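Colleague: structure of the sequence below:
(chains A and B)
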Amino acid sequence: MASRKTTKYIVYVIILLIPFFLFFSRPQFFHNLKLKIVYLLTRPIEVLSIPIKEARKILYYHHTFEEYKKLSKEVGALRSRLVGLEEIVKENARLEKLLKFQRNSVYSSVLAHVIGRNPSYWNSAIVIDKGSLDGIKQGYPVINESGVIGKIAEVGLKTSKVILLSDPEFSVAALAQESREHGLISGSLSGQCRMRYMNAEARIIKGEKILTSQLSSSFPSGLLIGEVVDIYESSKDASWEGIVAPAASLAQIEEVLVILK
Amino acid sequence: MRKTFFILSAIFIFFIIEFLFFNVIGKWFFPNILLLLIVFFNLLWGIRYSIITALVAGLIKDSFSVNPFGVYLFSFVICAYMTTFLKKTIYQVGSRSARLFLVCIICGINFIAQFFLHLVFGTVTTIASVHFILIPELLTTLLITPFVFNRLKICVLKFYGSL
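Modeller: Numbering: from 1, shown residues only, chains lettered A, B, ... in the order given. Now for the predicted structure:
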């Protein structure tokens, strides 16, 4: 009887220790397993999301209609401006040819739909419906029309996980557009982005645009990250830190572009 | 076997609810309903079923997370064990306040376990974690505890005829 009880306790201890060792050893087997679980569960989630998405569309109808009217006006104004610009573009192309200028290559990208956000207070991540079959690899930058969204954290065959700009684990080298100050953008638990390690003599002002820097190994330079909303002196060292509001609305992402290298 | 099937179905449904709930409302109201499931099955059928719930729920949560594998698995298993321990010490059968108190402590234990695992990477701070994770999670989870427990009780009664 006593030995049976001891065996039971040993089993309980082993059950407790297994996840702890898994956490530190990180075997490849579990990486594949978790991506398979994600793939299996995305189907019912996608199906159940349809009525919710439709209901949201109806709820936001007025807002969408107002935005449509505003954008229609903007399109009209931009079209009229384009008439003059077309001539300049043609002239530019001629001059480029003349000077044998090399154009910057346009990044090839993959359009992906967001399946859902990872339900967790600790992380900010989304699951998208494109994976390694579409040429996506770990670390690839993810953007939308407004700016940087995040980067690919894990890749499955048909799904991938994107770690968002606001996640505490995310970081990217950044540059202030006007003052040309370099820093490091990272997320936080509050959902805000911080730009850290800026020079003590940095002359960054509120409202300044923050772009990805050439120092970044994973992001192409010049992508819009957001704009500075607050600046303060770092409590840890002689540097400045800034709060950056992301250009893209991270809470309402439906489609993203994954830049392929 | 029937119990295990019931538990697996409940985990699947609860995870889908949690996922869709989070995607509609966001971080403003995000109770940890899978944790409630672990506590409920522990109170109802004992540690063995609570561990099964913890392992499967942890596996699913870890699969969707970008954290290293094992964070949820470990914290949920600890919660299952601690529920058994607390059940014997502070819990009084039938008392609603004792049940809420138990859920409150388990929520705290879940937070502490996850906090220490996140601390290994050095990316979380204590104040921010308490402010942005513990307090909202605790409040929202406690708020829906009576409702979830009642619904689960009704489901179990329908399937098994008795508790």
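Colleague: CA atoms for contacts and neighbours, from now on please.
Modeller: Noted.
Colleague: any idea how far B:M82 is from chain A?
Modeller: 12 Å (Cα to the nearest Cα, to the nearest Å).
Colleague: pretty sure that residue sits in a helix.
Modeller: Yes. Under DSSP: H, G, I helix; E, B strand; the rest coil, B:M82 sits within a helix.
Colleague: burial of it, as a residue count?
Modeller: Counted by other Cα atoms under 10 Å in any protein chain shown, the residues lying close to B:M82 total 19.
Colleague: go on, B:L102?
Modeller: Neighbours around B:L102, by other Cα under 10 Å: 20.
Colleague: give the contact list for it.
Modeller: B:83, B:86-87, B:90-91 (Cα atoms under 8 Å, 6 or more residues apart in numbering or on different chains).
Colleague: try 7 Å
Modeller: By Cα atoms under 7 Å, 6 or more residues apart in numbering or on different chains, B:L102 lies in contact with B:Y91.
Colleague: which SSE is it in?
Modeller: Element membership for B:L102, per DSSP states H and E: helix B:96-119.
Colleague: can you name the next helix or strand after that helix?
Modeller: helix B:126-129.
Colleague: state the pLDDT value of B:F121.
Modeller: For B:F121, the pLDDT comes out at 68.
Colleague: for the lengthiest helix in chain B, name the packing helices and strands.
Modeller: Taking DSSP state H as the criterion, chain B has its longest helix at helix B:135-160. Helix B:135-160 sits against helix B:96-119, with contacts defined as 3 or more Cα pairs under 7 Å, 6 or more residues apart in numbering or on different chains; DSSP states H and E.
Colleague: tell me which residues in the longest helix of chain B are buried?
Modeller: Under the neighbour-count criterion of 16 or more other Cα atoms under 10 Å in any protein chain shown, helix B:135-160 has B:136-138, B:140-142, B:145, B:148-149, B:152-153, B:156 buried.
Colleague: which ones are touching the closest residue to A:G139 other than its chain neighbours?
Modeller: Excluding the flanking residues, the one nearest A:G139 by Cα to Cα, 6 or more residues apart in numbering or on different chains is A:I152, at 4.9 Å. For A:I152, the contact set (Cα under 7 Å, 6+ apart) comprises A:138-142, A:160-163.
Colleague: same question for the longest helix of chain B, mean pLDDT?
Modeller: On average, helix B:135-160 scores 90.
Colleague: so is A:G226 in a helix, a strand, or just coil?
Modeller: State at A:G226, reduced to three classes by three-state DSSP: strand.
Colleague: roughly how far does it sit from chain B?
Modeller: Counting by Cα to the nearest Cα - A:G226 and chain B are separated by 21 Å.
Colleague: low pLDDT regions in chain A?
Modeller: A:1-2, A:25-27, A:84, A:98-106 (pLDDT under 70).
Colleague: interface residues of it facing chain B?
Modeller: A:16, A:19-20, A:22-23, A:26, A:34-35, A:37-38, A:45, A:116-119, A:121, A:153, A:168-169, A:189-190 (Cα under 7 Å from any Cα of the partner chain).
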